[in-house]
Every structure is written in structure tokens, then in C-alpha cells.
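Undergrad: Below: sequence and its predicted model.
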Amino acid sequence: MAIQKEHEIHQRRFGRNLGVGLCLIGFVAIVFGLTVVKVTRGDPMQGFDHAVRPEMTEGN
């Protein structure tokens, strides 16, 4: 019986770990993208209360 360097179960675990890792990276990329879009969108929102200030709207 020859000694195998890598057992079959390690190959299956690697495949699962790779899939979970790719899903995690995708999720982080989506959250990061949404954050960047929300921050750089340029809406006339102010501060933590997200209330529109009339003096900041265009066409006054």
C-alpha cells in the first residue's frame, strides 16, 4: 500500500473551501460596491439624520 501525499478527503475539503471563499469574496465585493456608490452618489443628504436641507437643493 503506497503512501499518498494527499488523501481524497483533502481534495473534497479544498473544493468546498474554495467555493465558500469565493462566495465570501463576492459578498464582500457587493457590500463594498454598495458602500462606495452610497457614499459618492452626491445626494443632498446631511449628517446622521438623512434629512434634506432646502438650502442644498438645486434651483432655489
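TA: Received, thanks.
Undergrad: Distance of the residue nearest to the spatial centre of the chain relative to Asn17?
TA: What sits nearest the mean C-alpha location of the chain, by CA atoms, centre = their mean, is Val28, with 2.2 Å. In this view, Val28 and Asn17 are 16 Å apart by CB to CB, to the nearest Å. From N, CA and C alone the C-beta is placed, and that goes for glycine too.
Undergrad: now do Phe27
TA: Computed with CB to CB, the distance linking Phe27 and Asn17 is 16 Å.
Undergrad: Gly33 now?
TA: Between Gly33 and Asn17 the computed distance is 24 Å (CB to CB).
Undergrad: which regions of the chain sit below the pLDDT cut-off?
TA: Regions of the chain meeting the criterion pLDDT under 70 cover residues 1-4, 42-51, 53, 56, 59-60.
Undergrad: on that earlier part again, from Leu34, how far out is the residue nearest to the centre of the chain?
TA: Applying CB to CB, one obtains 11 Å for the distance of Val28 from Leu34.
Undergrad: coming back round to it: state the distance from the residue nearest to the centre of the chain to Lys5.
TA: Between Val28 and Lys5 the computed distance is 33 Å (CB to CB).
Undergrad: could you pull out the helices for the protein?
TA: Using DSSP state H, the helices assigned to the chain run over residues 8-40.
Undergrad: Share the number of residues neighbouring Glu58, please.
TA: As a burial measure, Glu58 scores 5 neighbours (other CB atoms under 10 Å).
Undergrad: Let me fix that, I meant to ask about Val39.
TA: Every residue meeting other CB under 10 Å relative to Val39 is counted, giving 8.
Undergrad: can you check Ile30 too?
TA: Close neighbours of Ile30, defined as other CB under 10 Å, add up to 10.
Undergrad: cool, and Phe14?
TA: Counted with other CB under 10 Å, the neighbours of Phe14 add up to 11.
Undergrad: And it, how far from Gly21?
TA: As defined by CB to CB, Phe14 lies at a distance of 10 Å from Gly21.
Undergrad: Neighbours of Asn17, how many?
TA: For Asn17, which is what you asked about, the neighbour count (other CB under 10 Å) is 10.
Undergrad: separation between it and Glu55?
TA: Note on Asn17: its distance to Glu55, by CB to CB, is 54 Å.
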